[in-house]
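I would like to see how this sequence folds:
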Amino acid sequence: MGGFGLDENSGGIAFFDTATAGYKKQYEIEGNAVSDTIATKWPGKSDAEIVSGWESANEGYTVIKDSDGKWAQVPKITAKNIILSKAIEQDLDNIAASAIEDNTTAGKGLAGDNSNILKIVELRHKNDMFMWGTPDDFVKSLVANLGVDAQDAKRTMNNQEVLTQQIETQRQSISGVSLDEEMTNVVRFQHAYNASARMITTLDEMIDVIVNRMGRVGL
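From the prediction side, this is the model:
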């Protein structure tokens, strides 16, 4: 399971990737098949020991230990906390490459033989290793599927943004205030006020004429 954020924010849409786990499992199956072949040829040396020195495969690398001397406590194996085995670094003949016994040297592999390595290399071109074909085909399929999923997630995000904007617009149309509409009302009310004030002024002038300027007839 993994997740990717939207607009570089935390959280996001979760997605499940079962293909990578299947990829690893199938490689382990094929690797075990190679190991079984070696174990059959070299009884008691199933760790793929080799040409000279019989360096065990699990001793071909070294994980840096923590302060308590327990490598199991290291939270994550990275290029920083894993180094090449000193035995391999000092002598490349300690790499388990040969599958043919040297008849002239008891318990040694034939120098110059790379049968084991070729068997591992051949796995790359094994077209029945996955239902998608070769490992290269599997990786291409995985990348394509991730691309499709990513595009689908982006479309989902865009659709949600449009939907959210539409809801917000509808909410504002009901409960929001339109500045243009309010300004129009202000102008309309101002004209109505001016008209009312002018009418009152006119009536005041009429009353003033009637009361103060009109004389009584016959006096």
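
From here on, just use CA atoms for contacts and neighbour counts.
Will do.

With the flanking residues excluded, which residue is spatially nearest to Ile88?
Closest residue to Ile88 apart from its sequence neighbours, by C-alpha to C-alpha, 6 or more residues apart in numbering: Asn94 at 5.6 Å.

My guess is that neighbour contacts Lys86. True?
No: between Asn94 and Lys86 there is no contact under C-alpha atoms under 8 Å: 10.2 Å.

Compare the two (neighbour count), which wins?
Neighbours were counted for Asn94 and for Lys86 using other C-alpha atoms under 10 Å; Asn94 has more, 20 against 12.

His125 and Gln166, how far apart?
Distance, His125 to Gln166, using C-alpha to C-alpha, to the nearest Å: 53 Å.

what about Leu142, neighbour count?
As a burial measure, Leu142 scores 17 neighbours (other C-alpha under 10 Å).

quick one: it from Lys119, how far?
According to C-alpha to C-alpha, Leu142 and Lys119 sit 25 Å apart.

ditto for Ser98
11 Å.

What average pLDDT does stretch 113-128 get?
Over the span of stretch 113-128, the pLDDT mean works out to 78.

buried set for it?
By neighbour count on 16 or more other C-alpha atoms under 10 Å, the buried set for stretch 113-128 is Asp113, Asn114, Asn116, Leu123.

Need those residues in JSON lines (columns: secondary structure).
As requested, these are exported to JSON lines (DSSP: H, G, I helix; E, B strand; the rest coil):
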{"residue": "Asp113", "secondary structure": "coil"}
{"residue": "Asn114", "secondary structure": "coil"}
{"residue": "Asn116", "secondary structure": "helix"}
{"residue": "Leu123", "secondary structure": "helix"}
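
In a markdown table: those residues, plus distance to Gly147.
Output for those, formatted as a markdown table (distance: C-alpha to C-alpha, whole Å):
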| residue | distance to Gly147 |
| --- | --- |
| Asp113 | 42 |
| Asn114 | 39 |
| Asn116 | 36 |
| Leu123 | 26 |
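
ok, of these, which one's closest to Leu146?
Leu123 (24.1 Å; C-alpha to C-alpha).

count of neighbours near Leu146?
14.

quick one on the thing from earlier: which one of the buried residues of stretch 113-128 is nearest to Val162?
Leu123 (48.4 Å).

Distance of Lys86 relative to Ile210?
In terms of C-alpha to C-alpha, Lys86 sits 123 Å off from Ile210.

do the same with Asn127
Going from Asn127 to Ile210 by C-alpha to C-alpha gives 115 Å.

What of Glu122?
Separation of Glu122 from Ile210 (C-alpha to C-alpha): 120 Å.

Show me what the lengthiest helix in the chain is packed up against.
As assigned by DSSP state H, the longest helix anywhere in the chain is helix 135-175. Identification of packing neighbours for helix 135-175 by 3 or more C-alpha pairs under 8 Å, 6 or more residues apart in numbering; DSSP states H and E yields helix 19-41.

go with 7 Å
Judged by 3 or more C-alpha pairs under 7 Å, 6 or more residues apart in numbering; DSSP states H and E, helix 135-175 has no packing partners among the helices and strands.
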